Every structure is written in C-alpha cells, then in structure tokens.
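**Student:** Generate a structure from the sequence data that follows.
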Amino acid sequence: MVPHLITALTGPINELEQRILDSMPAIERWFRLEWMEHTPPFYSSVDIRNAGFKLAPVDTNLFPGGWNNLTDDMLPLAVQAAMAAIEKICPEARNLLIIPENHGRDSAYLANIAQLVRIFNLAGLHARVGSISPDVKRATSFELPQGSKVVLEPVVRTRHRLGVKHFDPCTILLNNDLSAGAPGILEDLYEQYLLPPLHAGWSVRRKSRHFQCYEEVAKRFGKMLGIDPWLINPLFGSVQGVDFQADVGLEALQSTVDATLTKVRRKYKEYGINEKPFVLIKADNGTHGLGIMTLRDAKELDGLSRKARSKLATLQEGQVTHDVIVQEGVLTQERIHQAVAEPVVYMMDRYVVGGFYRMHAERGSDENLNAPGASFVPLAFQHSTQLPQPGARPGASAPNRFYMYGVVARLAMLAASYELEATDPQAEVYD
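**Tutor:** Now for the predicted structure:
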C-alpha cells in the first residue's frame with residue numbers, strides 16, 4: 001500500500017492528517033475502484049509541499065530521474081511493482097531497452113539509469129541502455145562513484161522496431177522527457193510497447209492540463225473524505241502567448257497573478273492563516289526547475305530585470321516559454337539539518353515504492369527547491385522497537401506519517417492518468 005517511512009514531521013498530528021489516517025480503508029477502496037477504470041502511468045514521481053494547514057502536490061514528473069536516491073531497502077518494493085507493471089503490459093517480455101536523456105552525462109543522472117537497470121534485472125528482465133543522441137556513435141562505458149557502471153549504446157532502428165546491436169526488446173522505457181519534441185526515431189513503433197507514450201513528453205504535456213485534472217480528482221476525493229478540496233489542491237491560472245523579452249502578454253499575466261492571490265487570500269482568511277500568500281510563475285511545459293519565479297504581488301512584474309526575464313523565458317534544450325501557469329505557492333514546514341525540505345514520492349504502476357527529501361540550504365520555505373544546489377536525503381523505513389500500548393488499536397502507537405504523502409502522490413498520479421487519456425492521439429471516441 002504505502003511503505004512506513006520516517007518523515008521529518010515531529011509536531012502533533014493535525015486535523016487533515018488525522019482524517020486521512022482514520023479513513024485509510026475508505027481511501028484504499030476509492031483508489032482500487034479508480035484503477036479499475038483508469039491505467040496508471042508506468043512510473044512517476046511527485047513533489048509535495050506540507051504547510052501544516054495544507055498538503056498539496058506542486059509538480060508531477062512522468063519521467064522520474066532520481067531512482068538513485070532511493071535506498072536499497074526500497075528496492076524490493078520497486079522490483080515487485082516493476083514485475084506487476086510488466087506482467088500487465090507485456091507478460092512475455094524478456095528484453096527491455098531504457099532510453100535516457102540526451103544531455104544526461106552527469107554521474108547522478110547516470111546513477112539513476114544504473115538503478116533502473118538494476119530494478120529491471122531483479123524483476124527478471126534483460127535491460128540495456130540505448131541512446132537516441134546523435135553524439136553516441138558506439139557503446140560507451142561510464143564508471144560511477146558507487147562502483148557500478150552504465151553502458152550507453154547507440155540505438156538501431158529497423159522498420160517498426162527499435163533496439164541496440166544484437167538486442168531486440170519487447171518494451172522500450174523512456175527516461176527522456178522529450179522537451180525538444182518526439183524525434184522521428186521513436187515514432188511508428190507499432191510492434192513494441194513504448195512507455196510512457198510519446199504524448200507524455202513535454203512537447204505535448206502541459207502543467208495547466210495536469211492541474212485541471214488534479215482539481216477534478218481533488219474535488220471527488222474531498223467529497224468522499226468530507227474535506228475542503230483546497231486543503232490538498234493548489235489553486236492555479238494559466239496564460240498563453242507570453243513573451244517576456246518583448247513585453248507581450250504581461251498585462252494578462254499580472255491580472256492572473258492578482259486573481260490567484262485574491263482567491264488564496266480569501267482562503268487564508270476563511271481558515272485564519274496568518275501568512276502572506278504567494279504564487280509561483282512556471283513554464284506550462286517546463287521541467288528541471290527552470291523558468292520559475294516566486295511573487296507576492298502582481299506589481300512585482302512591472303520592474304523585472306533583463307536577467308529575470310531571460311530566466312523565465314528559457315527552458316531546457318533551448319525551448320522558449322510562451323505559455324505559463326500561475327500556481328498558488330504552498331509553504332513547507334519541513335526541515336532537514338535546518339535546511340528547507342520537501343518530500344518527493346516515487347511510484348511505479350499504482351504502487352508507492354519509496355521517497356526522499358529534496359532540501360536546499362540557500363532557499364526559503366516559499367521558494368522552488370528544484371534548483372542547482374539542491375541535495376537529497378533518503379527516507380528510512382520505520383523499524384519500530386516499541387510494542388503497541390495496551391488497549392491501543394494495532395498501529396495506533398506509531399502512525400505512518402508517510403501515508404498521507406502516499407495518498408496525495410497517488411491522487412496526482414491518478415490525475416496524470418486522466419491527463420494522458422485526454423491527450424491520447426489514438427484514443428477511441430464514442431459518440
């Protein structure tokens with residue numbers, strides 16, 4: 001269900017957390033019924049912010065690149081989930097090809113690829129790594145600091161299949177978010193399973209569509225649980241046709257920032273929250289923490305420096321931002337070694353397989369932590385030596401505080417499932 005991991009939460013359990021813990025059977029039943037109707041993404045990770053009064057996802061990644069941050073204790077969960085996922089999609093599979101990011105040559109990213117190879121090997125598959133980068137012309141071995149190594153091989157394309165030399169996979173796993181668009185070499189692979197599908201890449205995907213789907217999921221979940229969906233849902237607005245360098249669309253952006261801040265202020269007043277609301281401007285098709293800015297007032301957009309405009313305008317692979325999402329900022333109350341931290345939950349198929357904290361010593365509780373200088377602290381399993389108190393129901397003496405993160409992460413994963421159904425170019429349409 002959700003592993004019992006030790007979080008950085010030390011204070012008393014608040015009302016929202018208690019409601020989620022008490023409703024576990026109803027919540028798990030609700031998820032089971034949802035997965036009967038919808039297919040989860042093959043794998044995903046979700047960044048979560050816990051403000052104490054509010055707990056919400058702020059980003060959902062369908063090409064997670066931090067598998068190396070999971071501990072060895074979490075591997076059996078990942079292996080079991082990988083086996084379940086492969087069994088559903090391609091039970092006869094023997095060979096799996098992993099396609100990494102074209103630019104990912106740093107040791108941390110390659111350690112992530114090595115961990116994926118390890119997970120699929122332990123799940124009973126032959127796994128190799130095939131690069132679609134034109135720079136990779138022959139098999140290249142990279143030694144990693146932990147003692148392992150990764151071999152990147154150039155892919156070989158035949159009519160309807162993709163592989164590497166002397167290796168014909170049944171399944172191709174993308175760990176490349178296709179920010180620059182889907183290359184032709186990955187199209188028309190009718191005889192193989194491509195996971196996630198091409199329309200999960202950032203050339204098609206939009207954060208605004210994802211959070212629209214999440215809003216729908218949060219409303220239905222909130223109704224089932226009897227809570228205000230705002231407690232688990234960041235408010236947002238979106239603006240198209242913005243050009244930060246040419247001052248185009250900034251008026252519409254200011255208006256959206258103002259409207260979103262007004263809605264958040266109203267909610268803070270309703271709940272008696274004495275914090276100053278803020279929003280984050282993010283590229284709608286952005287990734288890797290690029291193109292992000294924190295604002296507390298729409299007027300701050302008036303005096304943007306050229307450097308700030310350039311930062312907002314440019315994304316990975318040289319992409320330019322034209323569409324943005326204005327997202328309600330959620331504070332984080334969690335700290336690791338006095339540094340601001342946020343939990344990141346990793347999932348494969350519909351299962352939570354582990355997580356870690358992203359922390360940043362130079363960032364505040366209202367800032368984006370997915371930035372250069374961030375570090376990662378794995379979550380440890382709770383190995384309780386305490387016996388339950390007499391008269392206490394089983395588990396009551398040591399509640400799984402990671403459970404609520406697992407719930408919110410799975411809500412975001414379900415929203416991603418809705419999102420992929422809505423954007424599937426081959427979806428069957430029934431009149």
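**Student:** buried sites along the helix or strand that contains residue 270?
**Tutor:** Using DSSP states H and E, residue 270 sits in helix 250-271. The neighbour-count check on helix 250-271 (16 or more other C-beta atoms under 10 Å) flags 250, 253, 254, 256, 257, 258, 260, 261, 263, 264, 267, 268 as buried. In this view, the C-beta of every residue, glycine as well, is placed from N, C-alpha and C.
**Student:** What of stretch 365-373?
**Tutor:** In stretch 365-373, counting by 16+ other C-beta under 10 Å, buried: 365, 366, 367, 368, 369, 370.
**Student:** Kindly report the same for stretch 172-190.
**Tutor:** Within stretch 172-190, the residues that qualify as buried by neighbour count (16+ other C-beta under 10 Å) are 172, 173, 174, 175, 176, 177, 178, 179, 180, 182, 186, 189.
**Student:** for that stretch, how far is the first residue from the last?
**Tutor:** Stretch 172-190 has an end-to-end distance of 12 Å (C-alpha to C-alpha, to the nearest Å).
**Student:** pLDDT on it, on average?
**Tutor:** Averaged across stretch 172-190, pLDDT comes to 91.
**Student:** what's next to it, contact-wise?
**Tutor:** Stretch 172-190 is contacted from outside by 42, 61-65, 96-102, 112-113, 116, 120, 132, 155, 157, 160-162, 192-196, 198, 200-203, 285, 287, 315-319, using C-beta atoms under 8 Å, 6 or more residues apart in numbering.
**Student:** May I ask you to confirm that residue 354 is in contact with residue 381?
**Tutor:** No - look at residue 354 against residue 381 with C-beta atoms under 8 Å: they stay out of range, at 9.2 Å.
**Student:** So for the two, which residues contact both of them?
**Tutor:** 3, 5, 71.
**Student:** Would you format those residues as JSON lines with pLDDT, secondary structure and distance to residue 214 included?
**Tutor:** Listed next are those as JSON lines, based on pLDDT from 0 to 100; DSSP: H, G, I helix; E, B strand; the rest coil; distance: C-beta to C-beta, whole Å:
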{"residue": "3", "pLDDT": "88", "secondary structure": "coil", "distance to residue 214": "23"}
{"residue": "5", "pLDDT": "86", "secondary structure": "strand", "distance to residue 214": "23"}
{"residue": "71", "pLDDT": "93", "secondary structure": "coil", "distance to residue 214": "28"}
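**Student:** ok, those vs residue 348, which is closest?
**Tutor:** residue 3 (12.6 Å; C-beta to C-beta).
**Student:** Relative to residue 353, how far out is that closest one?
**Tutor:** Taking C-beta to C-beta, to the nearest Å as the measure, residue 3 falls 8 Å from residue 353.
**Student:** quick one: the helices in the stretch 201-350 of the chain?
**Tutor:** 207-225, 250-271, 306-313 (DSSP state H, counting those that start in this stretch).
**Student:** How about the stretch 1-150 of the chain?
**Tutor:** Secondary structure of the stretch 1-150 of the chain (DSSP H, counting those that start in this stretch): helices at 15-22, 24-37, 75-89, 107-122.
**Student:** thinking again about what came up before, tell me, which of the helices of the stretch 201-350 of the chain is the model least confident about?
**Tutor:** Note on these: helix 306-313 shows the lowest mean pLDDT, a mean of 69.
**Student:** lowest confidence element among the helices and strands of this protein?
**Tutor:** Taking mean pLDDT, DSSP states H and E as the measure, the helices and strands of the chain show their lowest mean at helix 306-313, namely a mean of 69.
**Student:** now, of the helices of the stretch 1-150 of the chain, which is deepest in the fold?
**Tutor:** helix 107-122 (a mean of 20; mean count of other C-beta atoms under 10 Å).
**Student:** pLDDT averaged over that helix - what is it?
**Tutor:** Confidence for helix 107-122, expressed as mean pLDDT, is 96.
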